[in-house]
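Chemist: give me a 3D structure for the following:
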Amino acid sequence: MSKDNPKSYLSTKEVAELLGVNEKIVYQLINEKGLPATKVTGKWLFPRHLVEAWLEKHVINHPEQGAYRERLLVIIGSNDPLLEKTIALYNRRFPDNPAVFASVGSMGGLKALSKRLCHIATAHLMESNERDYNFAYLKEKLEGPLPAVVNFCFREQGIVVSPGNPQGISSVEDFIKKKIRVALRPEGTGTRVLMEHELQKIGLSSEKIEGEEYASHLEVGLAVLTGKAQAGLAIKVVADLLGLDFVPLKQERYDLLIPKEFFFQENIQAFLGLLQDEEFQTLANSLSGYDVSLSGKVIFPKAATTA
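Modeler: Purely as a prediction, here's the structure:
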């Protein structure tokens, strides 16, 4: 089998080779140990990803593996300053059930979600109608039931520029028209999706923009502050924290995407509960550009609750 293109289904012989056992043992593992398998036209077939998951589950000498995974809350996706402060609040409240975050952009969050590498993905992927967020991307990128979608916040997204806006930038069109050196967000981030959408509306392409990519909103702001770039797309809180000017483009919806099988886990419910907490409201009020009036509200499915 090619390592670069692994088969989705394995034969009995291939599973035996993978496990290093006789083929007869494979049949015993099906009956006695629940080895995932299906019978098609009289032959056993084994979904590769389920076999690998089954094998991992039966690893021994891994102390408290299941308990550890159940306690750890993994959040992956688009970064946000208020989210980081909320995670810090959660870890102070629940030190025995810590949360960790990986910033990989909105699309990276969806990818992690599809592979079940996280309990919560974060995303703000604007759809072509400029009203909805995330749903079209979830339908396109994920197989099976859609995750629960819980609003974390609304936030102002726009262009950060030097104090006084010396280049007179008013839109992303100016990035090209005025040959602006831009601090770009990587492809796959919600901010990059917004920029590409704004350019497409006027028949332009980001290929004509000069600039380097930066991993977070804060890094974009710092690039403008230090003169490495003349402008960049970022959220308002970054502009205000760094004393930069801000040209608003969109109030965007930033969501938490939670697989339904995880939704009622104790640690996830504890995290969602914080979004109704007075201390969370205080954190949000201490930062500019946020609207948390719907924070913790389930957007999809409509009938779900966070209690």
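Chemist: what about the helices in the stretch 101-250 of the chain?
Modeler: 105-114, 135-141, 173-177, 190-201, 217-225, 236-242 (DSSP state H, counting those that start in this stretch).
Chemist: got CSV for those, with mean pLDDT and mean neighbour count too?
Modeler: For every residue, glycine as well, the C-beta is placed using N, CA and C. Below are the helices of the stretch 101-250 of the chain laid out as CSV (pLDDT from 0 to 100; neighbours: other Cβ atoms under 10 Å):
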stretch, mean pLDDT, mean neighbour count
helix 105-114, 95, 23
helix 135-141, 93, 14
helix 173-177, 96, 19
helix 190-201, 96, 19
helix 217-225, 97, 23
helix 236-242, 97, 20
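Chemist: dump the ones you listed to a markdown table, plus distance to Glu23.
Modeler: What follows is the helices of the stretch 101-250 of the chain, written out as a markdown table (distance: least, Cβ to Cβ, whole Å):
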| stretch | distance to Glu23 |
| --- | --- |
| helix 105-114 | 32 |
| helix 135-141 | 37 |
| helix 173-177 | 62 |
| helix 190-201 | 49 |
| helix 217-225 | 54 |
| helix 236-242 | 59 |
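Chemist: run a quick neighbour tally on Ala53.
Modeler: If you count neighbours by other Cβ atoms under 10 Å, Ala53 ends up with 13.
Chemist: can you pull the contacts of the nearest residue to it once chain neighbours are set aside?
Modeler: Ranked by Cβ to Cβ, 6 or more residues apart in numbering and with sequence neighbours excluded, the top spatial neighbour of Ala53 is Pro36, at 7.9 Å. Residues in contact with Pro36 (Cβ atoms under 8 Å, 6 or more residues apart in numbering) are 46-47, 50-51, 53-54.
Chemist: drop anything exposed from those.
Modeler: Listed as buried from those are 46, 51, 54; burial here means 16 or more other Cβ atoms under 10 Å.
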